[in-house]
Every structure is written in C-alpha cells, then in structure tokens.
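*Asks:* Prediction below, plus the sequence it came from.
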Amino acid sequence: MKKLLHIIATPREEGSRTLRVSEAFLEVFTRTHADWTVEELNLSKEKLPSLTVQRLDGKYVLLQGKDLHGELKETWSELIAHIERFMSADTYLISTPMWNFSIPYTLKQYIDIILQPKYLFRYTSTGVEGLVKNRAMVVITSRGGDYTTAQMRGADFQEPYLRFVFGFVGITDITFINAQPMDMGEVLQQEKIALAQEKAREIAGTR
Ligand SMILES: Cc1cc2nc3c(=O)[nH]c(=O)nc-3n(C[C@H](O)[C@H](O)[C@H](O)COP(=O)(O)O)c2cc1C
C-alpha cells in the first residue's frame with residue numbers, strides 16, 4: 001500500500017489555519033486515493049531526539065563515507081527510526097505556519113534529524129546526489145502577513161528554504177499552497193483560507 005506522510009509543524013489544533021487547508025487537501029486525497037494510507041507525524045506531539053555531541057560524532061563518521069558501528073549505532077537508533085519512517089513514504093504533505101519568516105523550530109529539528117549523509121544524500125565526485133528519488137511533496141503554509149507583495153517577498157525565507165532543503169535530497173516536485181495574509185483582518189483571513197482550500201482540493205485530485 002502506498003503511503004502519504006503528513007508532517008505537521010503547528011502545535012495548534014482546532015485553531016490552526018494551516019490545518020484547515022490541509023484538511024481540505026486530505027479530504028479529496030483520501031477520496032481519490034482509496035488504496036493509499038495516510039500517516040500523521042505531528043512534530044509537537046513527538047518527542048524528537050536531540051542532536052547530542054555523541055550523536056553528532058556519528059554524523060562526521062557518515063560524512064567520511066563510513067558506516068556507524070557499535071555504541072554509536074545504538075545512540076543513532078532514534079534518528080534512524082525517523083529517517084526510515086521518512087523514507088518509507090511515497091509522497092509527503094507538510095503543514096507548517098510561517099514562524100519568524102521561516103519554519104517553526106520543531107520542523108527545523110526534524111530536518112536536522114533526517115538530513116543525514118548516506119541516508120538522504122551523498123557526496124559524489126560530481127557533487128551532491130539526493131537519495132529521496134521519485135517522490136513528490138505538497139507544502140501547505142499559512143502566514144500572518146502577505147509575502148506576495150513586492151515589499152514582503154524578500155522576507156519569505158520559508159518557501160525558498162524548504163524548496164532548497166528537500167530539493168537537495170532529491171525531491172524536486174514540490175508544490176506550495178500558501179494561505180496569506182492570516183492576521184490582517186478576519187474577512188481577508190476567511191477569504192484566503194477558502195482560496196487556499198480550493199487550490200488544495202484541486203491539487204489533491206491530480207496527485
Ligand atoms: C511564534 C510565531 C511567529 C510568527 N512569525 C510570523 C512571521 O514571521 N511572519 C508572518 O507573516 N506571520 C508570523 N506568525 C503568524 C503565523 O504565521 C500565522 O498566524 C499562521 O496562520 C499560524 O498558523 P497556524 O494557525 O496553523 O498555527 C507567527 C506566529 C507565531 C506563533
């Protein structure tokens with residue numbers, strides 16, 4: 001059975017604007033992909049492993065092209081479990097608000113956990129090779145402000161960052177649905193959520 005991994009980076013539940021858009025996406029996706037399973041990874045509910053000095057030693061072992069052994073491998077078991085869970089998916093949905101022009105720290109921590117040499121990418125004589133092949137990603141965001149304007153466009157470090165980081169590991173088919181502005185009046189907020197939901201339903205049906 002094919003799997004969509006839904007990575008949630010907002011701690012807000014019923015109040016979340018981002019999740020209102022994701023729900024519209026998933027409602028169509030589950031209906032049009034009856035043979036798929038949807039697995040949720042809520043980064044605020046998970047106890048994400050931290051990158052201790054010992055675990056970081058492992059990263060440098062991997063960067064030298066070597067494998068992890070013994071105690072080092074054991075200390076990496078939680079990181080490897082997250083990497084394997086990520087790699088077990090056929091497609092991804094990320095639901096994230098904008099926090100301080102970029103992503104919430106839980107999503108950054110998750111990226112720091114899974115983006116490991118030998119697992120998600122490797123260096124070759126010709127450069128970097130992403131190892132997450134043949135997968136697509138939809139990223140649903142919501143932002144308080146509006147980053148489509150000439151004044152604010154340059155302050156959006158969220159979309160370019162996520163595009164680069166997941167492109168780096170091989171995911172080049174990435175679609176963004178950005179609900180914005182969310183905090184510049186109730187009427188505008190409802191209007192823009194509805195617009196993003198419409199786009200989300202449309203994209204979910206074509207995946
Ligand atoms: C800690 C924090 C930082 C935020 N930083 C920004 C920001 O840099 N730019 C912006 O437009 N909105 C910012 N916001 C507003 C949120 O992006 C916005 O309210 C969003 O819709 C929240 O999504 P959610 O309801 O799914 O959690 C911030 C909100 C919080 C809580």
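*Replies:* Now that the structure is in, tell me what you want to look at.
*Asks:* Show the contacting residues for residue 17.
*Replies:* Residues in contact with residue 17 (CB atoms under 8 Å, 6 or more residues apart in numbering) are 97, 142, 179, 182, 189, 193. The C-beta positions use only the backbone N, C-alpha and C, and glycine is treated the same way.
*Asks:* secondary structure element for the fifth one?
*Replies:* Read that as residue 189. Element membership of residue 189, judged by DSSP states H and E, is helix 186-206.
*Asks:* what's the answer for residue 55, then?
*Replies:* Here residue 55 sits within helix 53-63, counting by DSSP H and E.
*Asks:* returning to that earlier point: could the contacts of residue 17 be laid out in TSV, adding pLDDT?
*Replies:* Conversion of these to TSV gives the following (pLDDT from 0 to 100):
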residue	pLDDT
97	98
142	98
179	98
182	98
189	98
193	98
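*Asks:* For those, which single residue is the most surrounded?
*Replies:* Most neighbours among these, by other CB atoms under 10 Å: residue 142, with 27 neighbours.
*Asks:* so it sits right up against residue 98, yeah?
*Replies:* Yes - shown here, residue 142 and residue 98 form a contact pair, counting by CB atoms under 8 Å, at 7.3 Å.
*Asks:* quick revisit: helices and strands around the helix holding residue 189, which ones?
*Replies:* Helices and strands touching helix 186-206, by 3 or more CB pairs under 8 Å, 6 or more residues apart in numbering; DSSP states H and E, are helix 17-32, strand 136-142, strand 173-179.
*Asks:* winner for burial among the ones you listed?
*Replies:* Greatest average neighbour count among the helices and strands packed on helix 186-206 goes to strand 136-142 (a mean of 24), per mean count of other CB atoms under 10 Å.
*Asks:* follow-up on the earlier one: okay if I get the helices and strands packed on helix 186-206 as TSV plus distance to the ligand?
*Replies:* Below are those laid out as TSV (distance: least, CB to the nearest ligand atom, whole Å):
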stretch	distance to the ligand
helix 17-32	3
strand 136-142	4
strand 173-179	7
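*Asks:* Next, format these as a markdown table and append distance to residue 93.
*Replies:* Formatted as a markdown table, these follow (distance: least, CB to CB, whole Å):
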| stretch | distance to residue 93 |
| --- | --- |
| helix 17-32 | 7 |
| strand 136-142 | 5 |
| strand 173-179 | 10 |
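*Asks:* Which residues of the chain lie near the ligand?
*Replies:* 10, 12, 15-19, 97-101, 142-145, 182-183 (CB under 6 Å from any ligand atom).
*Asks:* quick one: low-confidence parts of this protein?
*Replies:* By pLDDT under 70, the chain has no low-scoring segment.
*Asks:* What does the residue in the chain sticking out farthest from the centre show for phi and psi?
*Replies:* Distance from the centre of the chain peaks at residue 70, with 30.9 Å (CA atoms, centre = their mean). Recorded main-chain torsions at residue 70 are phi 50, psi -130, according to degrees, to the nearest 10.
*Asks:* what about it, distance to residue 117?
*Replies:* According to CB to CB, to the nearest Å, residue 70 stands 19 Å off from residue 117.
*Asks:* cool, residue 150 as well?
*Replies:* Distance from residue 150 to residue 117, counting by CB to CB: 39 Å.
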